[in-house]
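In: next comes the sequence, and after it the predicted model I'd like to discuss.
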Amino acid sequence: MQFTAINIDTFAGTIPAGSDLAVKEKADRQNKTAIVLYGFDEIGMFDGQFASPVYGFLKRGKKGN
């Protein structure tokens, strides 16, 4: 999966088609600790589970990827 980080404080827009809003550990380059969020109203709810949380979009791959 491809993760594209966003600045959650300045982002204005919607979740792109084919992607999920997620939070993950900033240092996790392989995106193994990402938590998918249902929407922007969940921002901040899971920050305590990460040393340095970063928000962004996880692009969903084709089935089986």
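Out: Thanks, I have it.

In: where do the helices of this structure begin and end?
Out: Secondary structure of the chain (DSSP state H): no helices located.

In: hey, what's the residue nearest the centre of the chain bridged with?
Out: Centroid-nearest residue in the chain: residue 22, 2.1 Å away (criterion: C-alpha atoms, centre = their mean). Beta-bridge partners for residue 22, by DSSP bridges, are residue 36, residue 56.

In: shaky segments in the protein?
Out: Within the chain, the set of residues satisfying pLDDT under 70 comprises 31, 62-65.

In: where along it do the strands fall?
Out: For the chain, the strands defined by DSSP state E cover 2-6, 19-25, 35-36, 53-59.

In: what sits up against the shortest one?
Out: When you say that, I think you mean strand 35-36. 20-24, 46, 49, 58 (C-beta atoms under 8 Å, 6 or more residues apart in numbering). Glycine gets a C-beta too; all of them are placed from N, C-alpha and C.

In: one more time with 7 Å
Out: Applying C-beta atoms under 7 Å, 6 or more residues apart in numbering, the set of residues contacting strand 35-36 from outside is 20, 22-23, 46, 58.

In: hmm, back to that, tabulate the strands of the chain (a markdown table), appending distance to residue 12.
Out: A markdown table is the format used below for these (distance: least, C-beta to C-beta, whole Å):
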| stretch | distance to residue 12 |
| --- | --- |
| strand 2-6 | 10 |
| strand 19-25 | 14 |
| strand 35-36 | 21 |
| strand 53-59 | 14 |
